[in-house]
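Novice: model this:
(one chain, ligands or ions: 1)
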Amino acid sequence: MKSALADLYHAHVVERCRTTELALAETGFDRLLLHSGTPHTYFADDQDAPFHPTPHFTHWAPVEGPGHVVEFRPGKKPRLLRFVPRDFWYEPPHPAPAFVAAEFDVEDSATPEGVSAAVGANGARTAFVGGSVDVAAAFGIPAEAINPKGLVARLDWERSYKSEYEVETLAEATGPAARGFRAAEAAFRDGATEMEAHHAYLAAAAVMEEQLPYPTIIGFDERSATLHYHGKRGTWAAPGRVMLVDAGVAVRGYGSDITRTYAGDGCDPLFVNLITGMETLQKELAAAPRPGMKYLDLHVRAHHLIGDLLQRAGVLKVPAGVAVEKGLTRPFFPHGLGHFLGIQVHDVAGRFADREGTLAPPPSEYPSLRTTRTIEERMVFTIEPGLYFIPMLLEEHRNGPNRDDFDWAVVDRLTPFGGIRVEDDVVVEAGGVRNLTRPELP
Ligand SMILES: [Mn+2]
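Specialist: Got it, this is the predicted structure:
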C-alpha cells in the first residue's frame with residue numbers, strides 16, 4: 001500500500017517533470033542531467049568537508065551522497081543513476097527509500113566510470129546541472145550546456161513554488177526543532193553556557209551538528225546582537241540574562257529556520273518589554289501575507305511597527321512615521337524581514353523579476369532584503385523581524401544630524417542585553433497563510 005508520503009512525493013515528481021519539460025523546451029534542450037556533487041577535500045589533507053548535495057538534485061531526489069545522477073527526458077520515466085562504491089573505509093550510501101525508488105528507473109554503479117557509462121552518449125541538447133564541471137566534461141557535455149544560465153534560472157524560479165510534499169516536509173522539520181528549542185530554553189534557565197544550550201538543542205532534536213541545515217546561532221546578552229554569531233562560548237563569569245536561539249532541523253534535504261529570544265533572571269524590565277513587543281508584532285506580520293502583496297511592503301510595515309515599539313520604549317523620541325522616513329529604524333533592524341525557505345535556508349529566486357532570472361534588487365535603503373517578489377500561493381518564507389543594539393551601527397547616529405531623536409541614556413542601558421529576533425516559517429495559501437512553526441512552538 002502506498003503511504004501518504006509516497007502519494008505526495010509522486011505528485012511532486014509529476015510536477016517536476018511538467019515544469020522541467022517546459023524549462024528545457026524554452027532553452028533548447030531535450031535532456032537534463034542533475035548531478036548530486038563531488039566531495040570537497042581540504043587542501044593537502046585526506047579529509048572531506050561535510051557533503052551538501054546539489055540543491056537541484058535534492059529537488060528531484062532526497063538521496064544522500066555524492067556522484068549520483070538524475071536524468072530527465074520529456075515523456076520518459078526519470079532515471080536515478082546511483083554511485084554506490086564498494087568501500088570498507090566508509091559506510092556506503094543506503095538504498096534509495098522505497099517512495100523515491102518507485103518514481104525512477106534506478107541503476108547502481110560501483111565506480112564513477114560505471115555511472116558515466118549508464119549516463120551514455122551525449123549530444124549538444126543535453127544540459128548538465130551541478131557543481132562538478134570535471135564530471136560534466138567526463139560525461140561529454142559541451143561547456144555551454146553546463147549550468148546554462150537560462151535553464152538554471154527557470155529551475156530556480158520553479159523552486160519558489162513549493163509542492164504539497166515540500167510543504168509537509170518543511171512542516172515535519174519543525175517538530176524536532178521545537179523540541180530542541182524547549183531543551184535549550186530549559187538549559188538557559190538552569191544557568192547553562194551557550195555551548196551547553198547548543199548541546200541541549202542537538203540532543204533534544206536528535207541530530208548531529210553536521211546534519212543541521214545551518215550552524216545554530218545561540219547568543220547570550222550582547223552576543224545576541226551579532227546577527228550570525230557562531231562562537232557559542234563554553235565559559236563565562238555569570239549566567240546569561242538574554243538568550244537568542246536561531247536554529248533548524250533538516251528533513252529530506254529541507255530545513256526549518258526558527259528564532260526565539262528569551263529573557264532570564266536579571267534582564268532589564270525595559271528589554272523584557274521589547275521582547276514581548278517584538279513577539280506581538282512578529283505574530284501580526286506572520287499572519288499578514290496574502291497573495292498579491294509585495295514582500296517589500298511587509299518589510300516596510302515591520303520598520304513602522306519596530307519604530308512604534310522603539311518610541312513607546314523611549315529609545316526613539318519621534319513617531320514611527322518620522323523615524324522610518326529619516327532611516328532611524330535601520331540601525332536597529334539592519335536585515336530583511338525574511339527570505340524564501342526550502343532546500344537552501346536562504347532559498348533561491350527571492351530577488352527574481354521573472355522566470356528568465358532578471359534580477360529585481362531591493363531598494364537602496366534596504367540592501368539586505370533577500371525577497372523582492374510579489375507574494376503568491378505556495379511560496380514558503382520566513383518572517384523574522386529583529387531589534388538589536390549594535391554599537392557599530394548606532395555610532396554614526398550618536399554623532400549625526402538626528403542625534404536628538406534618540407535617547408542615548410536608554411540606548412546605553414539596553415545595549416548590554418544585545419538583540420531580539422523572532423522567526424517563523426510560513427506558507428502562503430489561497431485564503432491566507434499557514435504558520436508552520438507556531439503549532440509546534442507557540
Ligand atoms: Mn532566517
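
Novice: And the helices in the stretch 51-200 of the chain?
Specialist: 55-60, 98-101, 112-119, 133-138, 149-158, 164-172, 174-189, 194-205 (DSSP state H, counting those that start in this stretch).

Novice: Turn the ones you listed into TSV, including mean neighbour count and distance to the ion.
Specialist: Just so you know, the C-beta spots here come from the backbone N, C-alpha and C atoms, and that holds for glycine as well. Shown next, in TSV, are these (neighbours: other C-beta atoms under 10 Å; distance: least, C-beta to the ion, whole Å):
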stretch	mean neighbour count	distance to the ion
helix 55-60	22	17
helix 98-101	16	28
helix 112-119	17	36
helix 133-138	16	31
helix 149-158	20	19
helix 164-172	21	13
helix 174-189	21	12
helix 194-205	21	16
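
Novice: Show me the beta-bridge partners of Lys294.
Specialist: Thr374 (DSSP bridges).

Novice: so what pLDDT did the nearest residue to Ala121 once chain neighbours are set aside get?
Specialist: Spatial nearest neighbour of Ala121, excluding adjacent residues (C-beta to C-beta, 6 or more residues apart in numbering): Gly140 at 7.2 Å. Listed pLDDT for Gly140 reads 94.

Novice: Find the centremost residue of this structure, please.
Specialist: The centroid of the chain falls nearest to Val345 when counting by C-alpha atoms, centre = their mean (1.4 Å).

Novice: Pull the contacting residues for that residue.
Specialist: 213-214, 248, 255, 257, 339 (C-beta atoms under 8 Å, 6 or more residues apart in numbering).

Novice: Okay, and it sits in which element?
Specialist: Following DSSP states H and E, one finds Val345 outside all helices and strands.

Novice: In contact with the nearest residue to it once chain neighbours are set aside, which residues are there?
Specialist: The shortest distance from Val345 to any non-neighbouring residue, by C-beta to C-beta, 6+ apart, is to Tyr214 (4.9 Å). By C-beta under 8 Å, 6+ apart, the residues touching Tyr214 are 248, 255, 257, 345.

Novice: how would you label Tyr214: helix, strand or coil?
Specialist: Here Tyr214 takes the coil state, with states given by DSSP: H, G, I helix; E, B strand; the rest coil.

Novice: Quick check: phi and psi at it.
Specialist: Main-chain dihedrals, Tyr214, degrees, to the nearest 10: phi -160, psi 160.

Novice: Next one: it from the ion, what distance?
Specialist: Remark: distance between Tyr214 and the ion (C-beta to the ion, to the nearest Å) = 8 Å.

Novice: got a pLDDT number for that residue?
Specialist: 97.

Novice: repeat for Gly123
Specialist: So Gly123 comes in at 68 (pLDDT).

Novice: again with Thr235
Specialist: Reading off the model, Thr235 has pLDDT 86.

Novice: do the same with Pro55
Specialist: pLDDT at Pro55 comes out at 98.

Novice: so what's it up against?
Specialist: Contacts of Pro55 by C-beta under 8 Å, 6+ apart are 159, 253, 343-344, 348.

Novice: again with Thr382
Specialist: Thr382 is in contact with 257, 338-339, 341, 423-426, counting by C-beta under 8 Å, 6+ apart.

Novice: I'd like to know how far the closest residue in space to it that isn't next to it in sequence sits from Arg434.
Specialist: Excluding its sequence neighbours, the residue lying closest to Thr382 (C-beta to C-beta, 6+ apart) is Gly338, at 3.8 Å. Distance, Gly338 to Arg434, using C-beta to C-beta, to the nearest Å: 15 Å.

Novice: Those two: who's more crowded?
Specialist: Set side by side, Gly338 and Arg434 show more neighbours around Gly338, with 28 against 15, by other C-beta atoms under 10 Å.

Novice: Correct me if wrong: that one contacts Val380.
Specialist: No - the criterion here is C-beta atoms under 8 Å, and Gly338 misses it with Val380 at 10.3 Å.

Novice: Would you agree Val427 is in contact with Lys162?
Specialist: Yes - taking contacts as C-beta under 8 Å, Val427 lies within contact range of Lys162: 6.7 Å.

Novice: which residues are in contact with both of the two?
Specialist: The contact sets of Val427 and Lys162 overlap at 170, 378-380 (C-beta under 8 Å, 6+ apart).

Novice: Can you tell me the number of residues neighbouring the nearest residue to Ala171 once chain neighbours are set aside?
Specialist: Using C-beta to C-beta, 6+ apart and skipping the chain neighbours, the partner closest in space to Ala171 is Leu436 (4.9 Å). The number of residues packed near Leu436 is 23, by other C-beta under 10 Å.

Novice: same thing with Arg79?
Specialist: Using other C-beta under 10 Å, Arg79 is surrounded by 17 other residues.

Novice: contacting residues for it?
Specialist: 69-71, 104-107, 118.

Novice: at 10 Å what do you get?
Specialist: 33, 69-73, 104-107, 118-119 (C-beta atoms under 10 Å, 6 or more residues apart in numbering).

Novice: Relative to Val70, how far out is it?
Specialist: Counting by C-beta to C-beta, the gap from Arg79 to Val70 is 7 Å.

Novice: now Gly350
Specialist: According to C-beta to C-beta, Gly350 stands 25 Å off from Val70.

Novice: Those two: who's more crowded?
Specialist: More crowded of Gly350 and Val70, by other C-beta under 10 Å: Val70, with 26 against 23.

Novice: That one is in contact with Pro62, isn't it?
Specialist: No - in this structure Val70 lies outside contact range of Pro62 using C-beta atoms under 10 Å: 11.2 Å.

Novice: what about the closest residue to the ion within the stretch 151-300 of the chain, distance to Arg79?
Specialist: Closest residue of the stretch 151-300 of the chain to the ion, C-beta to the ion: Asp257 (4.2 Å). Note on Asp257: its distance to Arg79, by C-beta to C-beta, is 33 Å.

Novice: Give me the phi and psi angles of the residue nearest to the centre of the chain.
Specialist: Main-chain dihedrals, Val345, degrees, to the nearest 10: phi -60, psi -50.

Novice: do you know how far it is from Glu168?
Specialist: Separation of Val345 from Glu168 (C-beta to C-beta): 18 Å.
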